[in-house]
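S.K.: what's the 3D shape of this:
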Amino acid sequence: MNYHSEFRRSIDQRDDFWREQAQDIDWIEFPKTIWQALDNGHGQWFPDGTLNTSDVALDANIRAGRGQQTALIYDSPVTDTQQRFTYTELRDEVARFAGALRARGVEKGDRVILYMPMIPQAAIAMLACARLGAVHSVVFGGFAAHELAVRIEDAQPKAVITASCGIEVAKVIEYKPLVDKAIEQSSHKPELCVVYQRPQVTATLQDGRDYDWDAITANAEPAEPVPVKSTDPLYVLYTSGTTGKPKGVVRDNGGHAVALKYSMKLVYDATPGDVFWAASDVGWVVGHSYIVYAPLFSGCTTILYEGKPVRTPDAGAFWRVVQDHKVNMLFTAPTAFRAVRKEDPEADQLNRYDVSSLKRIFLAGERLDPPTYEWLKEHTGLPILDHWWQTETGWAICCNPVGIEMMATKPGSATVPSPGFNVQVVDMAGSQIPAGEQGQIAVKLPLPPGCLMTVWGDDKRFQSSYLDPIPGFYSSGDGGYIDDDGYVFIMGRTDDVINVAGHRLSTGEMEEVVASHPAIAECCVVGAHDDMKGQIPIGLVLIKDGATIDQDELEEELVDMVREKIGAIACFRRAIVVDRLPKTRSGKILRRIIRQIADGETYNVPSTIDDPAILEEISEKFGR
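M.R.: Modelled structure (predicted):
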């Protein structure tokens, strides 16, 4: 079976294809119906099947004889702590905590908000909710109280689970005061709050509502897995929306388990016993899919890392983790390796560690810029594999399908559509655009298993956000093109396409050119308002540590490079040197905010920003 035949089968013989994949997980009752269409072109996967996600992740591996294999490794350079759990040990921890929640009234269908740092208890709590059939909603630890309150208001949780604190590079953040303030602000009041007390901070507990994690689990009766329908929600994960109100992406149980188990082989070529490390956070979709669920569905060892790519303690942090735990697959965002490259441009830190266990490196979450790709390829000699997906899809829309056949890589491309995703480049009417020409990247309905079912409590918003913009398609909101070989190139959000004197130009293409300059560590190009041309591009650039170049000289060289590669039509004439770029905590550059600053517009500081002070620095650079 090669990629093309598997892909065609997934589209032309959809039900047979996904019935076959569904046989790879342990069902309580195997589904007779594979796909059930709804009126809007969307639908439900395996609607008459029953299972339990915690059972698939844990108990099924114990039944398969992997009980004594390591399931989870906790590595925390910020606390100098490491801990390992076998599948049996992790199952027992999850069952006890699930029992403790059940004893306090948490049942199937109840929502539970998790506001946790990157500690084992975060994964245990997620799996415990799944064991009970409760719906978890993880909120990134450290989010402002107001943002947490908005999610409590929307999800209406019975319980909140938190820890006494989170630990950043140089500071400790107390979580409980933020949780208390959020509950105070919300009209919905959760019935209970469970707090895991960390050594660094002891949180104050409120009588009648708050419970100590260790105290309630000490003598808890372990809970067995509760059967749920395939279509019952497993979790709600909030993602940003254009209206300012976050969208709660709803993930089902059955389609999620089938898709993620399939993706571990297809995308990552992982097999039971492999050590898989997704260097992300459980607050993001990558953490849900590839720290907690998919590796455990597949009998792998997963790593939960409480640290950063740099400054915990240095730019060798990732290589140290690979060496210590014999990591086979590493998956992170390009921004992580741009940070490493900036601090260690010659990869001297890499040479300090034995990373021979590492088979391949995967990148996603934002566009993989060719300079970062080339740097990683040159210094590691490993396959560097880009793939593209979204919170809404839960797994890769496009990938290099190494579990079927390794395809030649093309810098800047996420390679080809994953089986099940009928990816097309279309205009807003849904008409296909010729190869090589840019348009809207969309997925012809139906979506494969594992993708969002709806927006929590708002089917109309689901319809208007994803299905209405391009009839018959899921609208990704990203633009790009497919070349003559069928390779997909994602050039960025469609609002990152700028109009310069009537010419539509991709800022992603300009970023490729700017980032290829030997002195540039990282860059961002945005379109700023111009009275004459409508918009003109402006570059913000970070210079590599140790690089010495006059700013005017650098700007002149960048202008010449863009003119040579794209043409004078680009009108790229300004490059501003900055110390850092404004980003979300997951590493995505806040391009829209930069555009608003450049245009002198007022802007709202997003809740996801890593450091709001950066915006003031950028404003000063623009003279605002």
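S.K.: Mind jotting down where the strands sit in the stretch 151-300 of the chain?
M.R.: Ranges of strands within the stretch 151-300 of the chain are 159-163, 165-167, 172-174, 192-196, 210-212, 228-229, 233-239, 247-252, 275-278, based on DSSP state E, counting those that start in this stretch.
S.K.: Where does pLDDT dip in the protein?
M.R.: For the chain, the stretches with pLDDT under 70 are 240-244, 495, 502, 504.
S.K.: about what we covered before: can I get the strands of the stretch 151-300 of the chain in a markdown table with mean neighbour count and distance to residue 116?
M.R.: Where you see a C-beta, it was placed from the backbone N, CA and C, and this is true even at glycine. Formatted as a markdown table, those follow (neighbours: other CB atoms under 10 Å; distance: least, CB to CB, whole Å):
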| stretch | mean neighbour count | distance to residue 116 |
| --- | --- | --- |
| strand 159-163 | 28 | 6 |
| strand 165-167 | 23 | 8 |
| strand 172-174 | 15 | 12 |
| strand 192-196 | 23 | 8 |
| strand 210-212 | 18 | 15 |
| strand 228-229 | 22 | 23 |
| strand 233-239 | 24 | 14 |
| strand 247-252 | 25 | 18 |
| strand 275-278 | 24 | 16 |
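S.K.: Work out for me the element residue 90 sits within.
M.R.: Assignment of secondary structure by DSSP states H and E places residue 90 within helix 87-103.
S.K.: follow-up on the earlier one: could I get the strands of the stretch 151-300 of the chain in CSV, plus columns for distance to residue 411?
M.R.: Shown next, in CSV, are those (distance: least, CB to CB, whole Å):
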stretch, distance to residue 411
strand 159-163, 41
strand 165-167, 36
strand 172-174, 38
strand 192-196, 43
strand 210-212, 52
strand 228-229, 43
strand 233-239, 28
strand 247-252, 30
strand 275-278, 23
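S.K.: do you know which of those lies nearest residue 450?
M.R.: Each of the strands of the stretch 151-300 of the chain has some distance to residue 450 by CB to CB; the shortest is strand 247-252, at 7.6 Å.
S.K.: quick one: the closest one to strand 233-239, angle?
M.R.: Inter-element angle recorded for strand 247-252 and strand 233-239: 160 degrees (by axes from the mean of the first three to the mean of the last three CA atoms, to 10 degrees).
S.K.: any residues touching strand 247-252, and which ones?
M.R.: Residues outside strand 247-252 that contact it (CB atoms under 8 Å, 6 or more residues apart in numbering) are 44-45, 137, 151, 154-155, 230-241, 285, 288, 391-392, 394, 450, 452-458, 461, 465.
S.K.: Return the subset of the residues you listed lying in helices.
M.R.: Using DSSP state H, the subset of the contacts of strand 247-252 located in helices is 151, 154, 155, 285, 461.
S.K.: show me where the stretch 401-550 of the chain has helices.
M.R.: With DSSP state H, counting those that start in this stretch, the ranges of helices along the stretch 401-550 of the chain come out as 459-462, 507-515.
S.K.: Setting aside sequence neighbours, what's the nearest residue to residue 180?
M.R.: In space, and not counting its chain neighbours, residue 180 is closest to residue 206: 7.5 Å by CB to CB, 6 or more residues apart in numbering.
S.K.: Quick check, the one you found in contact with residue 179.
M.R.: No. The pair residue 206 and residue 179 does not pass the contact test of CB atoms under 8 Å, sitting 10.2 Å apart.
S.K.: Of those two, which one has the most company?
M.R.: residue 179 (26 against 13; other CB atoms under 10 Å).
S.K.: residue contacts, the more buried one?
M.R.: Per CB under 8 Å, 6+ apart, neighbours of residue 179: 115, 145, 148, 160, 162, 193.
S.K.: What residues does the last one make contact with?
M.R.: Contact partners of residue 193, counting by CB under 8 Å, 6+ apart, are 159, 160, 161, 162, 179, 183, 206, 209, 210, 211.
S.K.: Mind doing that once more with 10 Å?
M.R.: In this structure, residue 193 makes contact with 113, 115, 157, 159-162, 176, 179-180, 183, 203, 205-206, 209-211, judged by CB atoms under 10 Å, 6 or more residues apart in numbering.
S.K.: Equivalent analysis for the third one, please.
M.R.: When contacts are counted by CB under 10 Å, 6+ apart, residue 148 touches 113, 115, 139-142, 160, 162, 175, 178-179, 181-183, 185-186, 607.
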